[in-house]
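*Asks:* have a look at this fold, sequence not included:
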């Protein structure tokens, strides 16, 4: 099983060594992810969003020395966020459905990029409220982002509105 994470141009410049050029990789049951970088107190943080469910995971204070373990850092952060959000699953099961992570260049997914930009605006608001990174309850803030009503689907029916948390719960519990 493989999981692909498409990076923004900004993040791609920071992690050039990790970017794979083989774009023919197939996604696992979680689908593709998109990652972007933002800064809090001059520390690099990553916002990683699932393309299918719009579920968010935030990695904080990522240094260049962390890049060799970024796969494990992502898996642990995702597991911790799923646990915090009440989507209880076994780490070994999560590890098996994620598999190996491939970082790819941007896929120009405008819908997900727009969604991430809206989330970054919310995070900017909370940055002003909490001040420093060490004061920010990251799991709680990510939970708030995952509980914002979103539109998934083609029609404009109210039944197409859901929360990223509920969509991720459906996929994990299948």
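*Replies:* Structure received. This is a predicted model, so every value here is computed, not measured.

*Asks:* what packs against the worst-scoring helix or strand of the chain on mean pLDDT?
*Replies:* Lowest on mean pLDDT, DSSP states H and E among the helices and strands of the chain sits strand 149-151, with a mean of 83. Counting contacts by 3 or more C-beta pairs under 8 Å, 6 or more residues apart in numbering; DSSP states H and E, strand 149-151 packs against strand 161-163. (C-beta placed from N, C-alpha, C; glycine too.)

*Asks:* just the strands in the chain please.
*Replies:* All strands of the chain, identified by DSSP state E, fall at 2-7, 33-40, 43-50, 56-59, 100-104, 149-151, 161-163.

*Asks:* between these, which gets nearest to residue 174?
*Replies:* Closest of the strands of the chain to residue 174 is strand 43-50, at 14.5 Å (criterion: C-beta to C-beta).

*Asks:* so how far is that closest one off the chain centroid?
*Replies:* Offset of strand 43-50 from its chain centre (C-alpha atoms, centre = their mean, to the nearest Å): 6 Å.

*Asks:* residue nearest the centroid of this structure?
*Replies:* Of all residues in the chain, the one closest to the mean position by C-alpha atoms, centre = their mean is residue 48, 2.2 Å from it.

*Asks:* against residue 42, how distant is the residue nearest to residue 7 when sequence neighbours are not counted?
*Replies:* Excluding the flanking residues, the one nearest residue 7 by C-beta to C-beta, 6 or more residues apart in numbering is residue 35, at 5.1 Å. Using C-beta to C-beta, to the nearest Å, one obtains 19 Å as the distance from residue 35 to residue 42.
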